[in-house]
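Mind folding the following:
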Amino acid sequence: MTTIRLLAAVLTLLASLPAAIPPQESVRDVVPGRDFEEHKLLTPGQTDVWKLDVEQDEMLWCVVESGGFDPVLDLVDADGVVLGSDDGLGTRSELWLRMPKKGAVQFRVRPFQGSGGGHYRYHLHRFGTGPLGAAAEASHTFGREQWWHYRVALREGDVLVPTVLGEGRLGAVLDAMRNGVAAVCGGYRAPHTGDYFVRIEGAEGKRCQTLTQLARCSELRADTVQDEKVAGYGLDHWRIVVRGGEAFVLDLQMPGVQLANELVDVVASREGPAFVGTGHFDKGGQLRRLFVARRDTTLELRLRNTASAPVSYRAVVRRPERDLAVGTTVPGHLDVGDGVLYRLQLTSGQLLRVLLESSAFDGKFDLWDTAGNVFATVDDRGPLDRNPSHTFLVPATGTYRVLAYCSGGGGGGDFTLATEALVVPQLQPGVPMTVRVAAGAPTYLHLDLHAGQVVWLSVQSPAFDAGLTVLDPAGNGSFCCEGGGIGSDVLVAYRASHDGRHTLLVHSRNGAGEGEVKVVPQ
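Okay, here's the model as predicted:
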């Protein structure tokens, strides 16, 4: 009776232990499919064999990983020829091969130098392939694996445009080492020369058609009109060379089907975007968009046709700017739905007034800074005032721009654009100057200083709570000092960072009225 109880206790204990992976037979069959994975125990000193049947040009990716021994992975055909072998770093080995012919093959897992053994993971990823030209078409009926891969030979820089029609879909485009290639407007640019895989997917028994073509790549020169057609499901790439600091307008006319489009930097930079959009006058089938280049670069205009028939378009890049001198008034004419762009050279510390006048349309204008950013959009002050005006202090020396257009875009006609430099009084050391400050509007003065020079600045007023900002010749306006309330004084030391004009902006935090500004003698 004691023996029976002891045996029952042992059986109960064994049943409660976690199931370990037992040693298995040394030959196993691999079940067909996309992925096959099993965990197995390799007996020390032995070789495990994994058998499977393959098709010609089928791709096999096999990985063996173990925490207990250093595995060696071999692939052998039915004639005993070794097709590939890998003794990877550490406890991982892998093979990535294309099968030269149809037939039976074996993956063999053995310990390095015939010693050791233990548990390992066997994983096999596989897919069938067939060749396809870079400008070709083919049909495929999906099997139970529900995917297929076409091999396409590409040269570095080629842009492949695959299209899948029918009862399938495009899964991915991969290079020969299984790295995915990112889609750009429906195209895939080859980073290097070699074979690429176009993966298509669909339900078992369903049929689809795959079309391949290369994007057309050419240069779009300034002021050269291109009347073109993009092929059905096609992609056109136009390269545009621009110089830093210049403005340009892209005109794209699409009288029929609207093309998917984008304008991008060819090479990304840590400096940020090489261009900035500053306005657009799109209408119907025409895109008219303005840009400023921040540095010398090459841009790429991409046009994708998602329809089966060819689509006509016209593309041109123009340099639209007109020069505008400070202190002048120039006549202009605005076409309906368009804009007119002016360029003017300004100096840090200038106080400038811009006025647009027209009896033909409701005028409006944008002001662009030296980087192409819109820093002011100026409209008139109401229905009885159709002439917008704006006064601003120039923060940094450089090229500024004025874009004149019609508010609402529905008008056009003749106009005049005027610029006027307003006087900014010079503050003399030791000579007090009386200023009148309105609520919400600064009063401007300037000092001529040398780099490193230190001056004490004073602002006094019984009428308003004073604040003082100094703009240096480089456009830096971060120096700011404020009083402690109405009747309090501002007294601060300022060190000049540059030679030249330093502009003082005297403003009110509360109240308005007269005050006194001076450079305190040292």
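
Run through the strands of the stretch 51-200 of the chain in chain order.
Counting by DSSP state E, counting those that start in this stretch, the stretch 51-200 of the chain has strands at residues 59-66, 71-77, 82-86, 92-98, 103-111, 118-127, 129-131, 136-141, 147-154, 159-166, 169-175, 188-189, 194-201.

And for the stretch 351-500 of the chain?
351-357, 363-368, 374-378, 389-393, 398-406, 413-422, 433-437, 443-449, 454-460, 464-471, 479-482, 490-495, 500-511.

so residue 333 bridges to which residues?
residue 414 (DSSP bridges).

how close does it sit to residue 224?
25 Å (CB to CB, to the nearest Å). For the C-beta atoms, the positions are set from N, CA and C on the backbone; glycine is no exception.

quick one: buried residues of stretch 126-145?
126-129, 132, 134, 138, 140, 142 (16 or more other CB atoms under 10 Å).

Also stretch 448-461?
449, 455, 457-461.

Look at the residue lying closest to residue 506 once chain neighbours are set aside and say how many residues are nearby.
Nearest non-adjacent residue to residue 506, counting by CB to CB, 6 or more residues apart in numbering: residue 443, 4.8 Å away. Residue 443 has 18 neighbours, counted by other CB atoms under 10 Å.

can you check residue 279 too?
Residue 279: 19 neighbours (other CB under 10 Å).

And residue 67, by the same measure?
Residue 67 has 10 nearby residues by other CB under 10 Å.

Just the pLDDT for it.
Note on residue 67: pLDDT of 88.

Make sure it is actually in contact with residue 91.
Yes - at 6.3 Å, residue 67 and residue 91 qualify as touching, with contact defined as CB atoms under 8 Å.

contacting residues for residue 457?
468, 470, 481, 490-494, 504, 517-520 (CB atoms under 8 Å, 6 or more residues apart in numbering).

hmm, I was thinking of residue 396
348, 369-370, 474-475.

Swap in 10 Å and give it another go.
346-349, 369-371, 471-477 (CB atoms under 10 Å, 6 or more residues apart in numbering).

Just want the phi and psi numbers for it.
As for residue 396, its main-chain torsions (degrees, to the nearest 10) stand at phi -140, psi 150.

Can you check the pLDDT for it?
90.

What's the local residue count around the nearest residue to residue 192 once chain neighbours are set aside?
Leaving out its chain neighbours, the residue that sits closest to residue 192 by CB to CB, 6+ apart is residue 156, at 5.1 Å. When neighbours are counted by other CB under 10 Å, residue 156 registers 10.

do you know how far residue 156 is from residue 236?
In this view, residue 156 and residue 236 are 20 Å apart by CB to CB.

where does the stretch 101-250 of the chain have low pLDDT?
Nowhere does the stretch 101-250 of the chain drop to pLDDT under 70.

Okay, the residue nearest to residue 506 and residue 268: tell me how far apart.
Here residue 443 is placed at a distance of 45 Å from residue 268 (CB to CB).

Equivalent analysis for residue 97, please.
Where residue 268 is concerned, residue 97 sits at a distance of 35 Å (CB to CB).

Show me which of the two is the more surrounded one.
residue 97 (15 against 10).

what touches both of residue 67 and residue 91?
Common neighbours of residue 67 and residue 91 (CB under 10 Å, 6+ apart) are 118, 120.

What's the local residue count around the residue found closest to residue 27 once you drop the neighbours it is linked to in the chain?
Spatial nearest neighbour of residue 27, excluding adjacent residues (CB to CB, 6+ apart): residue 49 at 4.6 Å. Neighbourhood size, residue 49 [other CB under 10 Å]: 17.

Tell me which other helices or strands the helix or strand where residue 49 lies touches.
Assigned by DSSP states H and E, residue 49 falls within strand 48-54. Using 3 or more CB pairs under 10 Å, 6 or more residues apart in numbering; DSSP states H and E as the contact test, the elements touching strand 48-54 are strand 27-29, strand 35-42, strand 59-66, strand 71-77, strand 103-111, strand 118-127.
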